[in-house]
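Engineer: below is the sequence, then the predicted model.
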Amino acid sequence: MTKAKSRSRPTLFRFGLVSERPLSFPRALLRFRALKDLCLVRNIMNRAAGLLLVAGFIGATASAQTAAKASECSGLVTTYEINQCLVKEIKKANIELSYAYERAFDAIDANNALQLEVRTRWKASLVRAERAWIVYRDAECRGNIAYQWWGGSGSGTAVGSCELAMIRGRARELQKVYGAPN
């Protein structure tokens, strides 16, 4: 029983770095250098991707910790107290976010340079963006962060800090785009 040849060729064949026939020494040397360069580029890209992931994780963790420190919850000691405080802070931040959305809708309505139909579509787009942002926030905080802290006593605090930081960030973003409160 003979094996059927696969249709896809290995990467080295596709790039012409390996040949099925013998090569002269100069050609073999050139292909070796090209292969070496390809491996070097791939290694650099893998390292860069790893560094970006680590930097993103450190940034997310730092922002969550900064949000927890910036809140009224920073002086508390027990996990229970911190979590209860975070719940209150999240409620306050959600109220601020609601006001920011109201101001955004008011700003869209006040833009008389646009037709009513365009403003209506803009508001519908903002609602879709908000729904997508909520899905992202929940996936990041209640999914990704929760799994990073899986089984740990600080998981609730980490999730709450993440939500608080993201809610405050979204409110700041809306205020920046649509105007600060009057």
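Structural biologist: Good, I have the coordinates.

Engineer: how about the helix or strand in which residue 121 is found: buried residues?
Structural biologist: For residue 121, the element it lies in under DSSP states H and E is helix 116-138. The neighbour-count check on helix 116-138 (16 or more other Cβ atoms under 10 Å) flags 119, 122, 126, 137 as buried. All C-beta atoms are positioned from the backbone trio N, CA, C, and that covers glycine.

Engineer: can I assume the second one is in contact with residue 110?
Structural biologist: No. Judged on Cβ atoms under 8 Å, residue 122 makes no contact with residue 110 at a distance of 12.0 Å.

Engineer: per-domain residue ranges of the protein.
Structural biologist: Listed by automatic domain parsing, the domain ranges of the chain are 12-62, 71-178.

Engineer: rank the ones you listed by mean pLDDT and give me the bottom one.
Structural biologist: Confidence, taken as mean pLDDT, is least for domain 12-62 of the domains of the chain (a mean of 55).

Engineer: show me where the protein has its helices.
Structural biologist: Under the criterion DSSP state H, the chain contains helices at 11-14, 25-70, 79-110, 116-138, 146-148, 155-178.

Engineer: tell me the contacts of residue 177?
Structural biologist: By Cβ atoms under 8 Å, 6 or more residues apart in numbering, residue 177 lies in contact with residue 104.

Engineer: equivalent analysis for residue 126, please.
Structural biologist: Taking Cβ under 8 Å, 6+ apart, we find residue 126 in contact with 101, 104-105, 108.

Engineer: make it 10 Å
Structural biologist: 101, 104-105, 108, 174, 177-178 (Cβ atoms under 10 Å, 6 or more residues apart in numbering).

Engineer: now swap in residue 141 and tell me
Structural biologist: Residue 141 neighbours (Cβ under 10 Å, 6+ apart): 60, 64, 158-167.

Engineer: ok, now with 7 Å
Structural biologist: Counting by Cβ atoms under 7 Å, 6 or more residues apart in numbering, residue 141 makes contact with 159, 162-163, 166.

Engineer: give me the number of residues near residue 93?
Structural biologist: When neighbours are counted by other Cβ atoms under 10 Å, residue 93 registers 22.

Engineer: what about the nearest residue to it once chain neighbours are set aside, neighbour count?
Structural biologist: Closest residue to residue 93 apart from its sequence neighbours, by Cβ to Cβ, 6 or more residues apart in numbering: residue 167 at 4.2 Å. When neighbours are defined as other Cβ under 10 Å, residue 167 has 24 of them.

Engineer: so what's residue 167 up against?
Structural biologist: Counting by Cβ under 7 Å, 6+ apart, residue 167 has contacts 90, 93-94, 97.

Engineer: of those residues, grab the buried ones for PyMOL.
Structural biologist: Here is the PyMOL command that selects only those of the contacts of residue 167 that count as buried (16+ other Cβ under 10 Å):
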select buried, resi 90+93+97
